[in-house]
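Q: I'll drop the sequence and a predicted model, then ask my questions.
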Amino acid sequence: MADRREFIDGKLDEIVSTKGAHLEHMGNSRWFLSFQHEDGTETAIWFTSRDLMKPAFEIRASVNRSSPNPIPEQRDNIGREGK
C-alpha cells in the first residue's frame, strides 16, 4: 500500500499513510478511519460527517528535530487538490 490522497469529482474519497493510518469514504456521509500501532494492534473508527467531503487540509513537510529551526516551511493545499 502506498501513501496517497484520492479525490473523486473534487471530493475526498480516501487517504492512506504507509506509516499506519487510513481514512476512507464509505458512501453517503459514512467514513472509516483506522490507525495501526507499533505493537501490531489497530484502532478502527466508523463515523458520519458531511464536512469531510471537501476538507480544508495542508501537506506538512517532515520535521528535522536536530535542526536549529525545527519548524519547516509548510505547503498550503487548501482548496487546490482534487480539482
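A: Done, it's in. Numbers count the residues shown, from 1 in each chain.

Q: From D39, how far off is the spatially most central residue of the chain?
A: The residue lying closest to the centre of the chain (Cα atoms, centre = their mean) is I15, at 4.6 Å. Separation of I15 from D39 (Cβ to Cβ, to the nearest Å): 23 Å. Every C-beta, even on glycine, is put in place using the N, C-alpha and C of the backbone.

Q: What of L52?
A: Taking Cβ to Cβ, one finds L52 at 28 Å from D39.

Q: same question, E24
A: Taken as Cβ to Cβ, the span from E24 to D39 is 23 Å.

Q: The two: which is more packed in?
A: E24 (15 against 6; other Cβ atoms under 10 Å).

Q: where do the strands sit along this protein?
A: 4-8, 11-17, 21-27, 30-36, 42-48, 58-59, 75-76 (DSSP state E).

Q: Could you dump those into a markdown table with mean pLDDT added?
A: A markdown table is the format used below for the strands of the chain (pLDDT from 0 to 100):
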| stretch | mean pLDDT |
| --- | --- |
| strand 4-8 | 90 |
| strand 11-17 | 91 |
| strand 21-27 | 94 |
| strand 30-36 | 95 |
| strand 42-48 | 95 |
| strand 58-59 | 80 |
| strand 75-76 | 49 |
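
Q: Done for today, thanks.
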